[in-house]
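>>> Just the structure for this:
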Amino acid sequence: STPLYSSAASDVYKRQQLCNDFPDDPTPQDVLCNALNYDPRASLGQLFDAHRAYGALVARLRPDCLPPISSASRKSKSKLRIGIISPDLKSHSCAYFIEPFFEFHDRSNFELFAYHTNAAADATTKRLASFCHRFRHEYIISDEKLAKMIRADEIDIAIELSGHTRGDSLVAMHLRPVPVQVTYLGYPNITGLDAIDYRIVDSITDPAKLVIRPANTSAETLHYLDPCFLCFRPPAGAPAPVAPPSQQSGFITFGSCNALQKINTTVIDTWASILNSVPNSRLLLKAFNLREPALQSQVREHLASRGIDPSRLEIMGPIADQSQHLEIYNRIDIALDTFPYNGHTTSLDSLWMGVPVVTLAGSTHVARVGASLLAHTGLTEWIAATPDDFVAVAAAAARNLPRLAEFRHSLRERLRTSPLCDAVAFTRGLEAAYVTMVNPPQTGGID
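Presented below is the predicted three-dimensional model:
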């Protein structure tokens, strides 16, 4: 299976060649790590090796880490200082998921510092800043200066939210400005840096039986934030769910609003099998890059080669207005997840609009987020184990029209009352995680 959309984000082979051509530049390896998460051909070993190669390269190029911090300096402060580092503290899915922690953190015991490393700023940035003890908007700054700034703020635990995505600060984290460093939320894999101590997950995204690490190598320690590793803040001003469109049209509409780089040939072939299994059904696809006619044609041609008439497809580009974007879900009966890179915000938006999602549970974190979201909404029957099972679940759902109608009335409340939307409990759990990381329990000794 190959990526359907050949882009800088998903063309793994070109990225690998760039790594070979520029062995003293960590950027190609950084981008390769991200691209591999989208590629269904990448094995667990390949993913691990690519990320560790990045860490080794950065360590070789930047051996000048900051000197260790005295433990006495932390003990002298009455509150734990938490530092959040991200280029996405703006209108971005990462900000939506972390904002509950910003808003509800316990100010009597914690001081929240944030470092927004992006020139772009908006109303979300301003709102997040209002929750912080100190908010720094630093986007024209070297990794060394950023690390020294964080060190000067005497942060106790740093949480970086970008991993190997655009605008990351991993080199600054490698310089070890903070005694305890964590990767979380914005990237679905390890960073490969020895300087990152923990990665926050949950027991469904990273069950112990599936966590595989090659021998004699290091990686971040997994910290399990159960029941779920993230918290969803429902979009303000979302339109109300309406009756399933099939009640008016007389046919089932499947749909996906996931990013196009998540769609590979295995995904498209699986969706084609669903359309072939459900007579007269339609497929609605919406993605930012689908504004390009050439990419629309590529999708149509691939599905046509699988027996799907182009008249059964509706392909859409981006919609800037969030409310209008959410209205699209009122035209979808059943949402189809992507794999191995599952939807995050898209799946939760779909559930909020009363549209159930079929997902495929894989063997990596990025391929199991859908399972975590559905399990915590009480929709385990919508989690498939294989592509064939994915087809069977979707086809069976299409035959149960009363159930689809009931979801339009119940899913929003089900999501609202689930652990996924319990912002206060989520925040207390995240705070407890940070305290444990800074002061890990002592083990060993004599009973």
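>>> Tell me the helix or strand right after the lowest-mean-pLDDT helix or strand in the chain.
Every helix and strand of the chain was ranked by mean pLDDT, DSSP states H and E. The lowest is helix 71-75, at a mean of 58. Per DSSP states H and E, the first helix or strand lying C-terminal to helix 71-75 is strand 80-86.
>>> partners of that next one, with directions?
strand 110-116 (parallel), strand 157-160 (parallel) (DSSP bridges).
>>> average pLDDT for the last one?
Model confidence over strand 157-160, given as mean pLDDT, is 98.
>>> Pick the most buried one from the strands paired with strand 80-86.
strand 157-160 (a mean of 26; mean count of other CB atoms under 10 Å). The way it works is simple: take the backbone N, C-alpha and C, and place the C-beta from them, glycine included.
>>> Show me what the next helix-or-strand element following that strand is packed against.
For strand 157-160, the succeeding helix or strand toward the C-terminus, using DSSP H and E, is helix 170-174. Counting contacts by 3 or more CB pairs under 8 Å, 6 or more residues apart in numbering; DSSP states H and E, helix 170-174 packs against helix 44-61, helix 143-152, strand 157-160.
>>> Redo the ones you listed as a markdown table? Include distance to A243.
Listed next are the helices and strands packed on helix 170-174 as a markdown table, based on distance: least, CB to CB, whole Å:
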| stretch | distance to A243 |
| --- | --- |
| helix 44-61 | 43 |
| helix 143-152 | 51 |
| strand 157-160 | 42 |
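>>> got the angle for the one helix or strand T436 maps to vs strand 110-116?
Per DSSP H and E: T436 is located in helix 423-438. Between the axes of helix 423-438 and strand 110-116, defined by axes from the mean of the first three to the mean of the last three CA atoms, to 10 degrees, the angle is 90 degrees.
>>> What residues sit buried inside helix 423-438?
A423, F426, T427, G429, L430, E431, A433, Y434, M437, V438 (16 or more other CB atoms under 10 Å).
>>> pLDDT wise, what is the second one at?
Note for F426: predicted pLDDT of 98.
>>> residue contacts, it?
Going by CB atoms under 8 Å, 6 or more residues apart in numbering, F426 touches P100, F101, C228, L230, C231, P419.
>>> Validate this expectation: the second one resides in a helix.
Think F101. Yes. Counting by DSSP: H, G, I helix; E, B strand; the rest coil, F101 falls inside a helix.
>>> just checking, it touches R428?
No. In this structure, F101 is not within contact of R428 by CB atoms under 8 Å, at 10.0 Å.
>>> What helices and strands are in contact with the helix or strand in which C33 is found?
Take DSSP H and E as the rule and C33 turns out to sit in helix 26-36. When contacts are defined as 3+ CB pairs under 8 Å, 6+ apart, helix 26-36 packs onto helix 12-21, helix 44-61.
>>> burial count for A335?
Residues lying near A335 (other CB atoms under 10 Å) number 26.
>>> partners of it in the sheet?
G255, V357.
>>> list the contacts for it?
F254, G255, S256, C257, Y329, T346, S347, S350, V355, P356, V357, V358.
>>> how much space between Q29 and R62?
14 Å (CB to CB, to the nearest Å).
>>> hmm, back to that, lowest average pLDDT across the helices and strands packed on helix 26-36?
When I compare the helices and strands packed on helix 26-36, helix 12-21 is least confident, with a mean of 74.
>>> what's the spacing between it and its chain's center?
Relative to its chain's centre, helix 12-21 lies at 24 Å (CA atoms, centre = their mean, to the nearest Å).
>>> Check stretch 190-207 too.
Its chain's C-alpha centre and that of stretch 190-207 lie 13 Å apart, by CA atoms, centre = their mean.
>>> in that stretch, what's buried?
Taking 16+ other CB under 10 Å as the criterion, stretch 190-207 shows 190-206 as buried.
>>> what does stretch 84-98 give?
Neighbour counts over stretch 84-98 (16+ other CB under 10 Å) mark 84-90, 92, 94-98 as buried.
>>> can you tell me which two in those are farthest apart?
Within those, I85 and Y96 form the most distant pair, 17.5 Å apart (CB to CB).
>>> ok, of the contacts of F426, which one's closest to S78?
Lowest distance from S78 to the contacts of F426 (CB to CB) belongs to F101, with 20.6 Å.
>>> what's near enough to touch that closest one?
Applying CB under 8 Å, 6+ apart, the residues near F101 are C231, F426, T427, L430.
>>> Just give me the closest of those residues to E160.
L430 (14.7 Å).
>>> Nearest residue to that closest one in space, ignoring adjacent ones along the chain?
F101 (5.5 Å; CB to CB, 6 or more residues apart in numbering).
>>> Next: G307.
Nearest non-adjacent residue to G307 (CB to CB, 6+ apart): N276, at 6.0 Å.
>>> Report pLDDT for the one you found.
98.
>>> what do you get for P23?
Reported pLDDT for P23: 84.
>>> can you check P63 too?
For P63, the model assigns a pLDDT of 92.
>>> In the stretch 301-447 of the chain, where is pLDDT below threshold?
443-447 (pLDDT under 70).
>>> Tell me how far stretch 387-400 lies from the chain's centre.
Chain-centre distance of stretch 387-400: 25 Å, with CA atoms, centre = their mean.
>>> what sits up against that stretch?
Contacts of stretch 387-400 (CB under 8 Å, 6+ apart): 252, 254, 266, 269-270, 273-274, 277-278, 281, 333-334, 336, 356, 358, 360, 381-382, 384, 403-404.
>>> and that stretch, which residues are buried?
So, applying 16+ other CB under 10 Å, buried residues of stretch 387-400: P387, F390, V391, A392, V393, A394, A395, A397, A398.
>>> would JSON lines of those residues with secondary structure and distance to L57 be doable?
Output for the buried residues of stretch 387-400, formatted as JSON lines (DSSP: H, G, I helix; E, B strand; the rest coil; distance: CB to CB, whole Å):
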{"residue": "P387", "secondary structure": "helix", "distance to L57": "36"}
{"residue": "F390", "secondary structure": "helix", "distance to L57": "37"}
{"residue": "V391", "secondary structure": "helix", "distance to L57": "42"}
{"residue": "A392", "secondary structure": "helix", "distance to L57": "44"}
{"residue": "V393", "secondary structure": "helix", "distance to L57": "42"}
{"residue": "A394", "secondary structure": "helix", "distance to L57": "42"}
{"residue": "A395", "secondary structure": "helix", "distance to L57": "47"}
{"residue": "A397", "secondary structure": "helix", "distance to L57": "46"}
{"residue": "A398", "secondary structure": "helix", "distance to L57": "49"}
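>>> which two in those residues are spaced the farthest apart?
Pairwise over the buried residues of stretch 387-400, using CB to CB, the maximum falls at P387 and A398, 16.8 Å.
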